[in-house]
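Chemist: Got a predicted structure here, sequence first:
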Amino acid sequence: MTAPPPGLRLRALAPGDLGWVISRNGALYAAECGWDETYEARVAEVLSTYVVNRDPARADGWIAELDGERAGAVFCSPREGDVAQLRMLHVEPFARGAGVGAALIDACLTFARQAGYREIALWTTALQRAAIRLYERAGFRLTTEDPPVRRFGDVIHGQLWTRPL
């Protein structure tokens, strides 16, 4: 891990953060990928399940703040057995390239290791090239790629990435 950028703080979730994550994911993926409202609904579903089923010993989430402004988020939750899942990573455009994404991924990996998981996985799409570079630098490897499907108002190529802990 490299040193976090000056002015970066990772913190626990606070009231209003889940709504912000849902809203920002919906807006960013609409603007950057052309995805429709079904993606925002999926984010809301994932985060609702996270909150309702959360065991603090096995799941956590972080908000990144850069110079006091929310700059991104990530969640870690159980996938199956002793496999964790990194979920909903996003970094605001103003914070990209400043080390925010790497710091969020590192927080997720550290938590998963300490929680006793043996492996961590994440699902993304082939469109997310910048995020994929971060995942590769963090030691993730492409495990499987789904055939193209119509989802979120677009044709996407889902990918499963994994890494041992």
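Modeler: Nice, thanks for sending it over.
Chemist: who are the neighbours in contact with the spatially most central residue of the chain?
Modeler: By CA atoms, centre = their mean, the mean C-alpha position of the chain lies nearest to Leu89, the distance being 2.0 Å. Contacts for Leu89 (CB atoms under 8 Å, 6 or more residues apart in numbering) come out as Gly72, Ala73, Val74, Gly101, Leu104, Ile105, Cys108, Leu122, Ala131. The way it works is simple: take the backbone N, C-alpha and C, and place the C-beta from them, glycine included.
Chemist: so where's the longest strand in the chain?
Modeler: strand 69-80 (DSSP state E).
Chemist: quick one: buried residues of that strand?
Modeler: For strand 69-80, burial by neighbour count (16 or more other CB atoms under 10 Å) applies to Arg70, Ala71, Gly72, Ala73, Val74, Phe75, Cys76, Ser77, Pro78, Arg79.
Chemist: And stretch 49-64, by the same measure?
Modeler: Neighbour-count burial for stretch 49-64 flags Tyr50, Arg58, Ala59, Asp60, Gly61, Trp62, Ile63, Ala64 (criterion: 16+ other CB under 10 Å).
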